[in-house]
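J.: okay, sequence plus prediction incoming.
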Amino acid sequence: MIVNKSSSVEAISLAELRRIYQGQKTRWSDGATIMVVNRSAASAIRAAFYRLVHNADPEQEFYQKGSPIPFKTITQESDIATRRLVSRMPNAIGYVGAEQVDDTVKIVAIDGVRPAPDLQDAGVYPLRW
Amino acid sequence: MWRGLALLAACVLSEAIAAPAALAELPTAEEVAQLKEELRHMQDAMRQMQAELQTLKAQQQTPAARTALPEPVAERGSLTERVETLEESVKASEEGQDSLLKRLDEMVELDVYTASVFSNLTDKDAKFDALHVELLADAHPTDRLRGFTQIRFSRLGTIEAGAKQGDIEVHQAWLEYAINDYFNPRLGVVLVPFGKYNQENFDHVQELTLRPVMALRVVPTTWAEPGFGFTGHAPLGEQLGGIGLKDFLLDYQLFLTTGLSADIRDHRGLRDARAEYETDTNNNKATVGRLGIKPMRDLEVGLSGYLGEYDTLGHHINGFDVDSKLTIGPFDLLGEYALFDLQEGGFRLDNSTSPPSITTAIVPESLRGGYLEAHYRFWFDFLNDTFLGRKFQNPTFTAALRYDQVRIDDDSDAGSGPIVHRGWTFGLNYRPIPTWVLKFEYIVNDEKTEAINTRDVDDRDGFVMSMAAAF
């Protein structure tokens, strides 16, 4: 998981991440609206993300209480595009493959765990596939 | 007064949206579509440029690859110049994308959902019913402000007082000021937070076409009233350090609303008792709320309560509702039970007269009912190459089964005895995408002890088909 470098967010829980991507949590602690960046439903990374985070198919739609319209996210077609968008938008959050992370974005710890620098040792990061 | 408040709220919202100079010229729906299309094209172009850039950069860094490169064409300049040109193009595209995203984010989002039904029920002619089209507008003029409107155009026929061929209703029109996760005030016409069905009564969300009778007579969905209250949620699992139940979440909605009136009859239940938006039949305001408890990701239990008075003499009407939904893989199991208890001694109000008149008829003492529903989602791979599966990423069939039961105590009309309803619904639906559904179902209803309203279908057996979508 990555956020903009200017974000004060360092870590979130898996449950919080789920609420963000389901539209239940829509603001950061400073009140700013979270820009939720997603991948297209056909991508393998989204399938893995939805399985790990939502236990759902990548096409699954989520509804806010009382709303008949599914919660909308900003869809990007590649890891590079996701990283670039998150790097430019102060309140954005997105997910990319570990090899695509660079110093233009900030990695977020999940449940207190950061992905290990060596992917072979990244066994405890909750979002691994 | 409440309609006035709703109008005032709408004016405030429109002012809030119109005020910033950047929003002074809000684009039309066509322009929004055009912008989105432009954004898509830009994203495609960016992808191609980024891929090309990556390739060129790799070639720059690899001597072997560099030597393998063809001689640069004079008009296109050196490899370095090409990389620089592409980088500039990518940057320009990104800036354009940012600008478009900001514009889209500032706009009022407009959506529609619609449903049409075909029914063939015993003792009644088969018919098509253009059920409704609903327009939704969701605006976020700034980070903390939100305005939401849901307007239903019902049955699309001639809109004529009393003819009931069609009508227009505001189902939601509220403004919210977001403070934090726990506490967000909301004012306007809101969906009454009593039970889960009323919060999720949308046709394309539900797996079956017909509502449970409980959700018609006992909880009169769609139940919206003017009111003021608070919504919020508390992720207790996270705050308690993830001891045991990391996903433990509480959410609540608590409102003061106009409240139900005394227009309550056994065969109509509470449907006619829903509040008008501009009048209140007494000075009492109802307190209504729902607490949602999610101990784990795929389980939710909801507890709702209602406290109010139904007439001017202070007779109470109190309600309780419990709902639950459990998901295990492709299975859902859900249900809801609601009970309303009315203090004895009140007389029925007749809302059909103007002004409403108090009758000498007594109201039922209690209304109760519930339903249990099961869903199973599945798909056959051999259908992937047919019209049902081709071009869709994850089409799904859902088999659904529902049992519902209602009991409403007798009032003092000509028919005697309580209304007792029991029904089964067997359904199968097809969803090529999650927000589009074609439903088929067969309903079987048991006899009741008193004739039920003839306009509704809850005392008949038969076949129902419908199509619903949101876009």
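T.: Cool, the structure landed. Just so we're clear, the structure is a prediction, and the values are computed from it rather than from any experiment.
J.: mind listing the helices for the chain?
T.: As the question left the chain open, I've gone with chain A. All helices of chain A, identified by DSSP state H, fall at A:14-21, A:44-53, A:79-88.
J.: actually chain B
T.: Using DSSP H, helices in chain B cover B:2-18, B:29-61, B:63-68, B:79-106, B:236-239.
J.: look at the residue nearest to B:Pro395 when sequence neighbours are not counted and report its pLDDT.
T.: Excluding its sequence neighbours, the residue lying closest to B:Pro395 (CB to CB, 6 or more residues apart in numbering or on different chains) is B:Pro432, at 4.7 Å. Just so you know, the C-beta spots here come from the backbone N, C-alpha and C atoms, and that holds for glycine as well. Among the per-residue scores, B:Pro432 shows a pLDDT of 93.
J.: same check on B:Leu191?
T.: pLDDT for B:Leu191: 94.
J.: okay, now it: neighbour count?
T.: For B:Leu191, the tally of surrounding residues (other CB atoms under 10 Å in any protein chain shown) stands at 23.
J.: return the residues in contact with it.
T.: By CB atoms under 8 Å, 6 or more residues apart in numbering or on different chains, the residues touching B:Leu191 are A:66, B:171-172, B:198-199, B:222-224.
J.: just curious, which of the residues you listed is nearest to B:Thr231?
T.: Proximity of the contacts of B:Leu191 to B:Thr231 was ranked by CB to CB; the top entry is A:Gly66 with 9.0 Å.
J.: isn't that closest one right up against B:Gln199?
T.: Yes. Using CB atoms under 8 Å as the test, A:Gly66 is close enough to B:Gln199 to be in contact (5.2 Å).
J.: for stretch B:386-394, list every residue counted as buried.
T.: Along stretch B:386-394, the positions that meet the burial threshold by neighbour count (16 or more other CB atoms under 10 Å in any protein chain shown) are B:389, B:394.
J.: who touches it?
T.: A:41-42, A:57-59, B:379, B:383-384, B:395, B:430, B:432-433.
J.: give me that answer again for 7 Å
T.: Residues outside stretch B:386-394 that contact it (CB atoms under 7 Å, 6 or more residues apart in numbering or on different chains): A:41-42, A:57, A:59, B:383, B:395, B:432-433.
J.: buried subset of these as a ChimeraX selection?
T.: To isolate the buried subset of those in ChimeraX, counting by 16+ other CB under 10 Å, use the following:
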select /A:41,57,59 /B:395,432,433
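J.: looking at the contacts of stretch B:386-394, which is nearest B:Thr258?
T.: Sorting the contacts of stretch B:386-394 by distance to B:Thr258 puts B:Ile433 at the head of the list, at 38.2 Å, by CB to CB.
J.: let me know the closest of the contacts of stretch B:386-394 to B:Ser466.
T.: Out of these, the one with the shortest distance to B:Ser466 is B:Pro432. That distance is 15.2 Å, counting by CB to CB.
J.: distance-wise, check the closest one relative to B:Gln393.
T.: In this structure, B:Pro432 and B:Gln393 are separated by 9 Å, where distance is defined by CB to CB, to the nearest Å.
J.: and for B:Asn284?
T.: Taking CB to CB, one finds B:Asn284 at 52 Å from B:Gln393.
J.: how about the nearest residue to the closest residue to chain B within chain A, chain neighbours excluded?
T.: The nearest approach of chain A to chain B comes at A:Pro68, 3.7 Å away (CB to the nearest CB). Excluding its sequence neighbours, the residue lying closest to A:Pro68 (CB to CB, 6+ apart) is B:Phe202, at 3.7 Å.
J.: count of residues packed around the one you found?
T.: One way to gauge burial is a neighbour count; for B:Phe202, by other CB under 10 Å, it gives 19.
J.: OK, contacts around B:Leu291?
T.: Shown in contact with B:Leu291 (CB under 7 Å, 6+ apart): B:250, B:252, B:302-303.
J.: would JSON lines of the residues you listed with neighbour count, pLDDT and distance to B:Trp424 be doable?
T.: Listed next are these as JSON lines, based on neighbours: other CB atoms under 10 Å in any protein chain shown; pLDDT from 0 to 100; distance: CB to CB, whole Å:
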{"residue": "B:Leu250", "neighbour count": "16", "pLDDT": "93", "distance to B:Trp424": "34"}
{"residue": "B:Tyr252", "neighbour count": "20", "pLDDT": "96", "distance to B:Trp424": "34"}
{"residue": "B:Gly302", "neighbour count": "22", "pLDDT": "96", "distance to B:Trp424": "24"}
{"residue": "B:Leu303", "neighbour count": "16", "pLDDT": "97", "distance to B:Trp424": "27"}
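J.: how near is the closest residue to B:Asn384 other than its chain neighbours to B:His421?
T.: Spatially, and ignoring its direct neighbours in sequence, B:Asn384 is nearest to B:Arg390 (7.0 Å; CB to CB, 6+ apart). Here B:Arg390 is placed at a distance of 43 Å from B:His421 (CB to CB).
J.: repeat for B:Asp332
T.: B:Asp332 sits 24 Å away from B:His421 when distances are taken as CB to CB.
J.: ditto for B:Pro193
T.: Counting by CB to CB, the gap from B:Pro193 to B:His421 is 25 Å.
J.: looking at these two, which is more packed in?
T.: For B:Pro193 against B:His421, the residue with the higher neighbour count under other CB under 10 Å is B:Pro193, and the figures read 29 against 23.
J.: residues in contact with that one?
T.: Listed by CB under 7 Å, 6+ apart, the contact set of B:Pro193 reads B:199, B:253, B:255, B:288-290, B:304.
J.: which of those sits closest to chain A?
T.: B:Gln199 (5.2 Å).
J.: any idea how far stretch A:34-45 is from the middle of the chain?
T.: Taking CA atoms, centre = their mean, to the nearest Å, the mean C-alpha location of stretch A:34-45 is offset from the chain mean by 8 Å.
J.: meant to ask about stretch B:438-445
T.: 21 Å.
J.: so where's the stretch 151-300 of chain B uncertain?
T.: B:156-166, B:241-244 (pLDDT under 70).
J.: ok, now which ones touch the residue sitting nearest the centre point of chain A?
T.: In chain A, the C-alpha nearest the mean C-alpha coordinate belongs to A:Gly94, at 3.6 Å (CA atoms, centre = their mean). A:Gly94 makes contact with A:2, A:37, A:82, A:85-86, according to CB under 7 Å, 6+ apart.
J.: do a quick rundown of the strands in chain A.
T.: Chain-ordered strands for chain A, with DSSP state E as the definition, fall at A:2-4, A:11-12, A:35-39, A:74-76, A:92-94, A:105-107, A:109-110.
J.: which secondary structure elements does the third one contact?
T.: When contacts are defined as 3 or more CB pairs under 7 Å, 6 or more residues apart in numbering or on different chains; DSSP states H and E, strand A:35-39 packs onto helix A:44-53, strand A:74-76, helix A:79-88, strand A:92-94.
J.: rerun that using 6 Å as the cut-off
T.: Secondary-structure packing of strand A:35-39 (3 or more CB pairs under 6 Å, 6 or more residues apart in numbering or on different chains; DSSP states H and E): strand A:74-76, helix A:79-88, strand A:92-94.
J.: and the residue of the stretch 101-250 of chain B nearest chain A?
T.: Distances from the stretch 101-250 of chain B to chain A, computed as CB to the nearest CB, single out B:Phe202 as the nearest residue at 3.7 Å.
J.: quick check, that residue in contact with A:Ser67.
T.: No. The criterion here is CB atoms under 6 Å, and B:Phe202 misses it with A:Ser67 at 8.5 Å.
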